[in-house]
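>>> please find the sequence and the predicted model below.
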Amino acid sequence: MNGTTAEPVPVAPTLGTGVWLHAVVAEVDPASLVGIAGIAGTPVRAVAGAGLVAVVADVPLTEYGEEALRRNLEDLGWLERAARAHHAVVDALARTVAVVPARLATVHRDDDRVVRALAERHDALADTLARLTGREEWGVKGYVVPGATPRVEEPAGGGGAGAAYLRRRRAQLTAREEGQRIAADAAATVHAALAGHAVAARRHPPQDRRLSGAATAMVLNGAYLVERTRVDAFAALAGELAERHPELRFELTGPWPPYSFVAEPAAEPAWE
Amino acid sequence: MGVTALAPSSADDPAAYQQVALVDLLDRVLATGVVITGDITLAIADVDLVRISLRALVASVGALVPPGSATGPLVLPGPAVGPLAPADSVGGPPAPAVLP
């Protein structure tokens, strides 16, 4: 992933201001940026280079420097605030133009470095922007529905209490495996169907229930890049699939800026 | 159990403004997003960073506030969200941070 720096890392970094990258766009009307607050509360700025425009915000390195980021990214309160503030900018931009969102916590030393990055990555960024134009991301999450899995049948058989226990236990395990298999198959089927109506699709890892608060296990955490003109049809398809698969409960979220589709497909392993 | 299909958030309809579930947002802003190289990549590998963050997040889950009363100062109209999706965090890889 990242490039290297030509200069040695300073032992004692001098703190000052860095430049937080929110997103890259092909062009932007400066007037449209007025009133959009960046990650640290200050207004976002446009930095042009190589025919592209980076939308950035100045940040104090005392909070957004390497050292500080390591610490802050582990602080849920800080992380939530940063994620929401970053998203607010990306989302505002995505409503009017095609955007390549930057991953959270991409900080450059100054505008010159930003311009250099734009130049170095120009072709890939321009291709990505072209690919994303007129399209938006939708999410579909699928959760296991309790009780939709096979019932455990009380196995008959001779023997004592121990043997009966073992038979019952084996039947329970078999039923659980069967239930997991059915849920996984349904998730794969639904994902494939949705992907067929999307320009691109990928599966994020299922969310941890401790974090999502979901009552049951998630088996599908899909993201779909959909033509704006086909969003209604995509949502209708999601509804049909949900009816066809009562063994799962689905949630549809969106539209999202195309966060899940900025990396080249091969760059990240798909979660299965 | 159908899909909880929600109307896309619309700037024309304030009632449609719903806060994005943090967990969904982190899936996206941490695990994806273009990686534009900054000046110096964090020495910590992505994976390590993620793990660390995830541990800390799980540990602090008890302190979470409901989505409605988010701590973040910016509550923007985001994507419309599913039903009760309590907020919180991630599962994926994380944050590449870069710096000087």
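Sure, I can see it. Residues are numbered from 1 along each chain as shown, chains lettered A, B, ... in the order given.
>>> in chain A, which helix or strand is least confident?
When the helices and strands of chain A are scored by mean pLDDT, DSSP states H and E, helix A:209-212 comes last with a mean of 77.
>>> close to chain B, is that helix?
Yes. On the criterion Cβ under 8 Å from any Cβ of the partner chain, helix A:209-212 is in touch with chain B at A:210, A:211, A:212. Bear in mind the C-beta positions are built from the backbone N, C-alpha and C, glycine included.
>>> counting by contacts, list what the helix or strand following that helix packs against.
Where DSSP states H and E defines the elements, the next helix or strand beyond helix A:209-212 is strand A:218-227. Applying 3 or more Cβ pairs under 8 Å, 6 or more residues apart in numbering or on different chains; DSSP states H and E, we find strand A:218-227 packed against strand A:135-144, helix A:161-196, strand A:200-203, strand A:248-256.
>>> which of the ones you listed has the lowest mean pLDDT?
Lowest mean pLDDT within those: helix A:161-196, at a mean of 91.
>>> on that earlier part again, any of the residues of helix A:209-212 next to chain B buried? List them.
Taking 16 or more other Cβ atoms under 10 Å in any protein chain shown as the criterion, what is buried in those is A:211, A:212.
>>> what would the residues of helix A:209-212 next to chain B look like in TSV with distance to residue A:16?
Formatted as TSV, these follow (distance: Cβ to Cβ, whole Å):
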residue	distance to residue A:16
A:210	39
A:211	35
A:212	39
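>>> include mean neighbour count when you put the helices and strands packed on strand A:218-227 into CSV, please.
Output for these, formatted as CSV (neighbours: other Cβ atoms under 10 Å in any protein chain shown):
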stretch, mean neighbour count
strand A:135-144, 26
helix A:161-196, 15
strand A:200-203, 20
strand A:248-256, 25
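>>> for chain B, find the nearest of those.
Each of the helices and strands packed on strand A:218-227 has some distance to chain B by Cβ to the nearest Cβ; the shortest is strand A:248-256, at 3.1 Å.
>>> any part of that closest one near chain B?
Yes. Looking at strand A:248-256 against chain B by Cβ under 8 Å from any Cβ, the contacts come from A:248, A:249, A:250, A:251, A:252, A:253, A:254, A:255, A:256.
>>> quick one: which two of those are the most distant?
Spanning the widest gap among those are A:248 and A:255, at 22.5 Å by Cβ to Cβ.
>>> show me what the nearest residue to residue A:106 once chain neighbours are set aside is bridged to.
Counting by Cβ to Cβ, 6 or more residues apart in numbering or on different chains, residue A:21 is the residue found nearest to residue A:106 once chain neighbours are left out, at 4.5 Å. Beta-bridge pairing for residue A:21 (DSSP bridges): residue A:56.
>>> and the gap between residue A:21 and residue A:132?
Distance from residue A:21 to residue A:132, counting by Cβ to Cβ, to the nearest Å: 17 Å.
>>> more crowded one of these two?
When residue A:21 and residue A:132 are compared for neighbours, residue A:21 comes out ahead with 29 against 23, by other Cβ atoms under 10 Å in any protein chain shown.
>>> so the more buried one sits against residue A:108, correct?
Yes. With contact defined as Cβ atoms under 8 Å, residue A:21 and residue A:108 form a contacting pair (6.5 Å).
>>> how far off centre is stretch A:175-188?
Its chain's C-alpha centre and that of stretch A:175-188 lie 24 Å apart, by Cα atoms, centre = their mean, to the nearest Å.
>>> just the C-alpha atoms of it, please, in PDB.
Extracted in PDB, the C-alpha atoms of stretch A:175-188 (Å, rounded to 0.1, in the frame of the first residue of the first chain):
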ATOM      1  CA  ALA A 175     -29.300 -29.500  13.400                       C
ATOM      2  CA  ARG A 176     -27.000 -26.600  14.300                       C
ATOM      3  CA  GLU A 177     -24.700 -27.400  11.500                       C
ATOM      4  CA  GLU A 178     -27.600 -27.800   9.100                       C
ATOM      5  CA  GLY A 179     -29.000 -24.500  10.200                       C
ATOM      6  CA  GLN A 180     -25.700 -22.800   9.700                       C
ATOM      7  CA  ARG A 181     -25.300 -24.400   6.300                       C
ATOM      8  CA  ILE A 182     -28.800 -23.300   5.300                       C
ATOM      9  CA  ALA A 183     -28.200 -19.700   6.400                       C
ATOM     10  CA  ALA A 184     -24.900 -19.600   4.600                       C
ATOM     11  CA  ASP A 185     -26.400 -21.000   1.400                       C
ATOM     12  CA  ALA A 186     -29.200 -18.400   1.600                       C
ATOM     13  CA  ALA A 187     -26.700 -15.600   2.100                       C
ATOM     14  CA  ALA A 188     -24.700 -16.700  -0.900                       C
END
